[in-house]
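In: give me the fold of what follows.
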Amino acid sequence: MSWHPAFQAAAEAAVNRLGPAHLRVFADRLAAGEPDQALRHAVPVPGFADAAAAVLAAQHADGVPGMEAAAYLRGLAAGHAQRSAEVRIESVWSGPSTHPVPVRSTAQVLVGLVEQARSELLLMTYSARPYPPLVDSLIAAVRRQVSVTVVVETLAGAGGAMQGPEPAAAFAAVPGIHIWQWPTAQRTTDRAKMHAKIAIADRRVLLVSSANLTQSGVNLNIEAGLLVHGGTAPRRAAEHIAELQSRGVLTRLRSTGQEW
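Out: Numbers count the residues shown, from 1 in each chain. So this is what the prediction gives:
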């Protein structure tokens with residue numbers, strides 16, 4: 001299949017976004033000869049139609065026969081299913097290190113997670129300030145066509161608990177990034193905060209941490225987290241965020257001119 005690069009790339013992006021089970025459904029229905037319109041809606045989950053459309057467009061552009069494309073997709077799904085079943089968990093820390101107990105730093109892990117993303121990157125943070133290594137890695141991710149989404153708290157949502165510029169302003173230098181918020185109108189009480197701090201790469205790697213996306217959070221404070229490779233946790237976290245977006249619980253946060 002090395003002579004079908006567009007199809008390979010679209011298939012890899014689809015399995016990262018949809019998971020092996022949904023890709024297998026798509027492959028089975030493709031092998032059955034269903035029309036493109038039906039294939040795009042084979043599984044009623046957020047993002048499936050877009051991913052399926054990209055695979056179909058690449059299949060047609062590369063001239064890959066339906067049965068051959070289905071066989072490739074099944075093999076790809078099987079490989080990813082086997083890999084995702086293998087779970088590895090590491091502890092991650094910010095702050096001072098100790099020689100007897102070496103651990104990976106939050107800053108190192110966060111930037112590395114961004115650098116390994118190939119199709120989708122999701123970040124959530126309460127507070128944020130420009131952290132140059134993270135900003136640079138996000139710019140590079142966008143340039144290699146990774147879809148980057150960041151969910152942030154707002155000053156209004158923090159209710160006076162935060163000062164200074166809006167957290168979203170920390171990402172103003174990253175072109176093409178998608179900034180989301182939890183609107184105060186969607187909260188049942190003014191005491192509720194958008195307090196999650198996570199990062200997910202390609203729905204396969206998940207960082208859950210107490211660290212905000214600030215210099216203090218990823219480097220200076222004592223903060224603790226877990227880095228999860230494989231298993232269902234990264235995918236389920238990404239799916240939860242997608243469902244909150246589709247239900248309007250999370251909404252796009254747009255620039256209002258001079259300030260976020």
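
In: nearest residue to F26 other than its sequence neighbours?
Out: Distances taken as Cβ to Cβ, 6 or more residues apart in numbering put A42 closest to F26, at 5.4 Å, once the chain neighbours are dropped. (Glycine included, C-beta is placed from N, CA and C.)

In: distance of the one you found from Q145?
Out: 25 Å (Cβ to Cβ, to the nearest Å).

In: for the residue nearest to F26, helix, strand, or coil?
Out: Three-state call for A42 (DSSP: H, G, I helix; E, B strand; the rest coil): coil.

In: so it is in contact with A53, correct?
Out: No. Checked against Cβ atoms under 8 Å, the pair A42 and A53 is beyond contact range at 11.5 Å.

In: re earlier: more crowded one of A42 and Q145?
Out: Per other Cβ atoms under 10 Å, whichever of A42 and Q145 has more neighbours is A42, with 18 against 11.

In: please report how far the more buried one lies from L23.
Out: 10 Å.

In: which helix in this protein has the most residues?
Out: Ranked by residue count, the top helix of the chain under DSSP state H comes out as helix 66-84.

In: hmm, who's touching the following helix or strand past that helix?
Out: For helix 66-84, the succeeding helix or strand toward the C-terminus, using DSSP states H and E, is strand 88-94. Residues from elsewhere that reach strand 88-94, judged by Cβ atoms under 8 Å, 6 or more residues apart in numbering: 103-107, 109, 207, 209, 211, 217-230.

In: how about a cut-off of 7 Å?
Out: Surrounding strand 88-94, the residues in contact under the criterion Cβ atoms under 7 Å, 6 or more residues apart in numbering are 103-106, 109, 207, 209, 211, 217-219, 221-230.

In: adjacent strands (with direction) for that strand?
Out: Strand 88-94 sits in its sheet next to strand 104-105 (parallel), strand 223-229 (antiparallel), going by DSSP bridges.

In: which SS class is the residue of the chain positioned farthest from its centre?
Out: Going by Cα atoms, centre = their mean, the residue of the chain most distant from its centre is P100, 34.0 Å out. Following three-state DSSP, we place P100 in the coil state.

In: got the buried residues for stretch 23-39?
Out: L23, R24, V25, F26, A27, R29, L30, A31, L39 (16 or more other Cβ atoms under 10 Å).

In: same check, this time on stretch 13-24
Out: Within stretch 13-24, the residues that qualify as buried by neighbour count (16+ other Cβ under 10 Å) are A13, A14, V15, N16, R17, L18, G19, P20, H22, L23, R24.

In: kindly report the same for stretch 174-182.
Out: V174, I177, I179, W180, Q181, W182.

In: helix or strand: which one has the nearest residue to the second one once chain neighbours are set aside?
Out: So that's I177. Nearest non-adjacent residue to I177, counting by Cβ to Cβ, 6+ apart: V148, 4.9 Å away. For V148, the host element (DSSP H and E) is strand 147-152.

In: got the contact list for that strand?
Out: 119-125, 128, 138, 141-142, 167-168, 171, 177-181, 194, 241, 250.
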